[in-house]
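1. kindly generate the corresponding structure for this input.
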Amino acid sequence: MQQVHETLWCRNCGEETPHVQKPPNHLLHFLLALATLGIWIIPWVYLSIKQDRPRCQDCGALYTAQLMADKFDEGE
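-> Okay, here's the model as predicted:
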């Protein structure tokens, strides 16, 4: 399964760290939708919306969006 790698701010580590995310296998879901005559589109859309958040590779914490202003306020 493919993974998406990106550098994001980790609140737990307090710095930008590499994060990894596993998106759904769209080819598999497309083939399942064809095999079930379109019925599988409903779970496919749900799984695409509900996919896992990126996870920090250093500490394992899930990514939580943080406003840029919050990041700079912590340094004061």
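
2. stretch 41-51: which residues count as buried?
-> Neighbour counts over stretch 41-51 (16 or more other CB atoms under 10 Å) mark Trp44 as buried. C-beta coordinates here come from the backbone N, C-alpha and C atoms, glycine included.

3. chain center to it: distance?
-> How far stretch 41-51 lies from its chain's middle: 13 Å, per CA atoms, centre = their mean, to the nearest Å.

4. with stretch 12-19 instead?
-> Here stretch 12-19 is found 15 Å from its chain centre; the criterion is CA atoms, centre = their mean.

5. what does it contact?
-> Contacts to stretch 12-19, defined as CB atoms under 8 Å, 6 or more residues apart in numbering, come from residues 5-10, 54-59, 61, 63.

6. mind redoing it with 6 Å?
-> Stretch 12-19 is contacted from outside by 6-10, 54, 56-59, 61, 63, using CB atoms under 6 Å, 6 or more residues apart in numbering.

7. now swap in stretch 22-41 and tell me
-> Stretch 22-41 has contacts (CB under 6 Å, 6+ apart) with 1, 3, 44, 47-48, 51-52.

8. between the two ends of it, how far is it?
-> 19 Å (CA to CA, to the nearest Å).

9. how far away is the spatially most central residue of the chain from Leu62?
-> Centrality entry for the chain: nearest residue to the mean C-alpha point is Arg53, 3.1 Å, by CA atoms, centre = their mean. Noted for Arg53: a distance of 5 Å to Leu62, by CB to CB, to the nearest Å.

10. can you show me the strands along the chain?
-> Listed in chain order, the strands of the chain (DSSP state E) span 4-10, 15-21, 55-56.

11. what helices or strands is the shortest one leaning on?
-> Meaning strand 55-56. Packing partners of strand 55-56 (3 or more CB pairs under 6 Å, 6 or more residues apart in numbering; DSSP states H and E): strand 15-21.

12. what's the angle from the strand it packs on to strand 4-10?
-> Going by axes from the mean of the first three to the mean of the last three CA atoms, to 10 degrees, strand 15-21 is angled at 140 degrees with respect to strand 4-10.

13. below-threshold pLDDT in this structure: ranges please.
-> 1, 66-76 (pLDDT under 70).
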